[in-house]
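**Student:** Sequence and predicted model, in that order:
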Amino acid sequence: MLTLGLLALTAAYAAPQEPTDGAEGYALIIGSNQPGPGQEPLQHAGDDALRMEAVLAELGDTDRIEMLLDPDAAEVLGALDDVEAALARRSARGEQSLFIFYYSGHARAQALDLGDDALALDDLRARLDAMASTVTLVVLDACQAGALTQVKGVSPAADFSTNSVSRLNTEGMAVMASSSATELSQESAALGGSFFTHHLVTGLRGAADGDADGSVTLDEVYRYAYHRTLVDTSVTAVGSQHVTLETDLRGRGEMTLSRPGDASASLWLPAELAGEALVFHADSELVVAEVHKAAGEEMNLALLPGSYGATVRQGERAFRCALTLEEGERTHLDLTRCDAVVAEAVTAKGPMDPRVEHWMVELTLGMMGIQDDAYTETLTNFSFEEPIQLFMPSVSAWLAWTPRPYVSLLAGIGGLDSRGYAREMRALDDSIHEQRFSWYTARAGLAARASYPIWRARIVPYAQVGAGPAWGTTSFKDEDISDDEQHWGPWIGAAGGVQLMAGPRWRHFGVFAQAEAVTAPVINNLFDETHDSGGPIVSMGLRGGY
């Protein structure tokens, strides 16, 4: 299929007699997550469509773009009728035009699946044949759904791919499909979209501009999407995916799809840079481009002005960069201004999954529940009274070391319960004085934590267990008498919580909330009663490190 596509492209561009440059562009972009009968909902078809719409609006020769998300067949046909009427008016005036039809969603051998509805390929072909455009480009991404990558639906998308190319291809039309006649298309949860559309959009942003002339043609973006999709899917459970292209554009000339050279802002990857570079929005952390950058060639990616992040992996080394793209400027990706990170922190897809931190300091402030037992009951029996309180403050500090993703070891120190009792005593001369009895307990120890980052490691649920020594000081005061005693014992506890981390620029800083249960039998009296200085602790804290 690749051979057929390349032969067709060679014939198409051998004699550029009627270039499409300057023609007005129309686009109908469709994304449908809706499942058909026996299918599971897709996760990212709508996201694919939004990315395609964005790159065409920013960089394409498209003056009119219509977006349909989760439409039925009638809505699709109605939108095609509207475009057909507009193209017919241009044709009547002798003006050239380009029409792009893009679909991402479920499909079967003879139709697009649109939830409970379906659009037959025969009906789609009839509408596309009726278009009065100079050139029509049909892009079909029958992407598959799964936890990471798996096939979708009950009918193989391979049948759809071969039918779409062979039955929709007519003179003046090019049809690009996301897989060949014997393969299944795939989507990636880490990329937040399909492999094919991701690389198609990245290519249109400038990664496919092989001759560095500031424009990307159909030939260039096809070759780029073909190779990058094949490389990424070669290691998935489903297997390799070959992008296909069939054209009948003889005499139509070079077909320009985007002009990244005219972008208002861009990210420049210098010639000496080599590695896997991934660029994402700083706020949403949605991936916008992923490129394999070879040394010796420059690359320019057209993006909107704003804040971005990037990860660059070079073998065992990896870097994370914070980028700000300004209007009218070209921003350089300079690794000397980036943070070196552990290579394991950078997955094949996604900028921050999972996060690895070497060291982290955590400071907590919380409330500890009051624990009454036989020890405190004895004090009450001896007429000691305690001021009414429901909670006690709890402060602690921990140092965390993360040797592996998802696993941290902690060492720390913190307070446990602190109580005070008092009673009035009458002396022999009928004078009244006050006796006070109080204690303070604390702990030190080690803990092990298991965490699982989600949502690009911005939210990190965790659970931990810990143990170590605890100590307390009891103090009895009565006029001229002051008696202090030291007590020792073990503590053990378990906790669960969630960390809320900042974005890429401050990725190692955040806050957390935690609930913990601790038992610490430390203080005892002459009646062989031991007070548990632990209890439930609810706390919040700050964490920061590198």
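**Tutor:** Thanks, I have it.
**Student:** so where do the helices sit in the stretch 301-450 of the chain?
**Tutor:** 374-381 (DSSP state H, counting those that start in this stretch).
**Student:** Break down it into its strands, ranges please.
**Tutor:** 306-314, 317-325, 330-332, 339-342, 359-369, 391-404, 407-426, 432-451 (DSSP state E, counting those that start in this stretch).
**Student:** need the least confident one among these, by mean pLDDT.
**Tutor:** The minimum mean pLDDT among these belongs to strand 339-342 (a mean of 73).
**Student:** What pairs with that one, parallel or antiparallel?
**Tutor:** Strand 339-342 has the following strand partners under DSSP bridges: strand 317-325 (antiparallel).
**Student:** the inter-axis angle of the strand it pairs with versus strand 306-314?
**Tutor:** Relative orientation of strand 317-325 versus strand 306-314 (axes from the mean of the first three to the mean of the last three CA atoms, to 10 degrees): 160 degrees.
**Student:** Quick check: buried residues in strand 317-325?
**Tutor:** By neighbour count on 16 or more other CB atoms under 10 Å, the buried set for strand 317-325 is 318-323, 325. The way it works is simple: take the backbone N, C-alpha and C, and place the C-beta from them, glycine included.
**Student:** Let's have the strands of the stretch 301-450 of the chain in JSON lines, adding distance to Pro41.
**Tutor:** Below are these laid out as JSON lines (distance: least, CB to CB, whole Å):
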{"stretch": "strand 306-314", "distance to Pro41": "29"}
{"stretch": "strand 317-325", "distance to Pro41": "33"}
{"stretch": "strand 330-332", "distance to Pro41": "38"}
{"stretch": "strand 339-342", "distance to Pro41": "35"}
{"stretch": "strand 359-369", "distance to Pro41": "38"}
{"stretch": "strand 391-404", "distance to Pro41": "35"}
{"stretch": "strand 407-426", "distance to Pro41": "34"}
{"stretch": "strand 432-451", "distance to Pro41": "29"}
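**Student:** so which of those strands gets nearest Gly94?
**Tutor:** strand 330-332 (39.0 Å; CB to CB).
**Student:** quick one: contacts for Ser97?
**Tutor:** 23-26, 87, 90-91, 132-134 (CB atoms under 8 Å, 6 or more residues apart in numbering).
**Student:** which one of the residues you listed has the most neighbours?
**Tutor:** Ser133 (27 neighbours; other CB atoms under 10 Å).
**Student:** how close does that residue get to Ser215?
**Tutor:** According to CB to CB, to the nearest Å, Ser133 stands 20 Å off from Ser215.
**Student:** Phi, psi for the closest residue to Gly328 other than its chain neighbours please.
**Tutor:** Excluding the flanking residues, the one nearest Gly328 by CB to CB, 6 or more residues apart in numbering is Ser264, at 6.1 Å. Dihedral angles of Ser264 (phi, psi; degrees, to the nearest 10) stand at phi -80, psi -20.
**Student:** what about Ser264, neighbour count?
**Tutor:** As a burial measure, Ser264 scores 14 neighbours (other CB under 10 Å).
**Student:** who's in contact with it?
**Tutor:** Applying CB under 8 Å, 6+ apart, one finds that Ser264 lies in contact with 304-305, 327-328.
**Student:** let's see 7 Å
**Tutor:** 305, 327-328 (CB atoms under 7 Å, 6 or more residues apart in numbering).
**Student:** Out of those, the closest to Ile523 would be?
**Tutor:** Nearest member of the contacts of Ser264 to Ile523, counting by CB to CB, is Pro305, at 63.1 Å.
**Student:** Double-check that closest one against Gly328; I have them as touching.
**Tutor:** No - using CB atoms under 7 Å, Pro305 is not in contact with Gly328; the gap is 8.4 Å.
**Student:** longest helix in this structure, by residue count?
**Tutor:** Using DSSP state H, we find that the single longest helix of the chain is helix 73-92.
**Student:** Which strands or helices does that one pack on?
**Tutor:** Counting contacts by 3 or more CB pairs under 7 Å, 6 or more residues apart in numbering; DSSP states H and E, helix 73-92 packs against strand 24-31, strand 64-69, strand 97-104, strand 117-120, helix 121-129.
**Student:** What strands flank the second one, and is each parallel or antiparallel?
**Tutor:** Think strand 64-69. With DSSP bridges as the test, strand 64-69 is paired with strand 24-31 (parallel).
**Student:** Centre of the chain to the strand it pairs with, how far?
**Tutor:** In terms of CA atoms, centre = their mean, to the nearest Å, the centre of strand 24-31 is found 27 Å from the chain centre.
**Student:** which residues make contact with it from outside it?
**Tutor:** With contacts defined as CB under 7 Å, 6+ apart, strand 24-31 is touched by 45-46, 48-50, 52-53, 56, 60-69, 71, 76, 79-80, 83, 86-87, 90, 95, 97-105.
**Student:** how does it look with 8 Å?
**Tutor:** 45-50, 52-53, 56, 60-71, 76, 79-80, 83, 86-87, 90, 95-105, 133.
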